[in-house]
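Chemist: have a look; sequence and predicted model below, questions after that.
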Amino acid sequence: MNKNCIFCKIAIIKAASNKIYEDENVFSIRDINPQAPVHILIIPKKHISWPNVNPEDEYIFGHIQIIALKMAKQFYEMKNGFRIIGNCGVDGGQTIFHIHYHLLGGRLFTWPPG
């Protein structure tokens, strides 16, 4: 837990939050600056910052992938595809330094992204 991290603060809120998914390891909220019709952040409750990833945190990355797949299929019916993005570090476009992933869908994406 990092007392200055907005995601850590959101993680400890138990009631009256904007969480759209939550389990013992992660939670999801809508991005405040959406880049697609569906733009969800999937965030580990544990404060993990790049490059300070520890081997004991390995499970969370697979768990996030499974949750993203479930959310895309069950909640948003993105049958034609979607995108999962993890930005790492300043050069990677990260602005909140608590590892998190973006689940984007509801439109066609091109490659490379902008």
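Modeler: Happy to help now that I have it. Numbers count the residues shown, from 1 in each chain.
Chemist: what sits opposite I29 in the beta ladder?
Modeler: L41 (DSSP bridges).
Chemist: could you double-check that H102 lies in contact with D31?
Modeler: Yes. With contact defined as C-beta atoms under 8 Å, H102 counts as touching D31 (6.7 Å). Where C-beta positions appear, they are placed from N, C-alpha and C, glycine not excepted.
Chemist: what sits in contact with each of the two?
Modeler: Shared contacts of H102 and D31, defined by C-beta atoms under 8 Å, 6 or more residues apart in numbering, are found at H39, I40, L41.
Chemist: who wins for neighbours among those?
Modeler: Greatest neighbour count in the shared contacts of H102 and D31, by other C-beta atoms under 10 Å, goes to I40: 26 neighbours.
Chemist: which residues touch it?
Modeler: I20, S28, I29, R30, D31, M71, H102, L103, L104.
Chemist: for it, give me the pLDDT.
Modeler: Model confidence at I40, given as pLDDT, is 93.
Chemist: now swap in the one 3 residues further on and tell me
Modeler: On pLDDT, I43 comes in at 92.
Chemist: my read: it touches F7, true?
Modeler: Yes. Counting by C-beta under 8 Å, I43 does reach F7; the two are 5.1 Å apart.
Chemist: any chance of the shared contacts of H102 and D31 in CSV, with distance to N54 too?
Modeler: Listed next are the shared contacts of H102 and D31 as CSV, based on distance: C-beta to C-beta, whole Å:
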residue, distance to N54
H39, 29
I40, 26
L41, 22
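Chemist: overlap in contacts, I43 and F7.
Modeler: H98, H100.
Chemist: flag every buried residue along the longest helix along the chain.
Modeler: Ranked by residue count under DSSP state H, the longest helix found in the chain is helix 58-70. Residues I60, H63, I64, I67, A68 are the ones in helix 58-70 that count as buried (16 or more other C-beta atoms under 10 Å).
Chemist: which secondary element of this protein has the worst mean pLDDT?
Modeler: helix 6-12 (a mean of 77; mean pLDDT, DSSP states H and E).
Chemist: now do the same for S17: its pLDDT.
Modeler: pLDDT, S17: 61.
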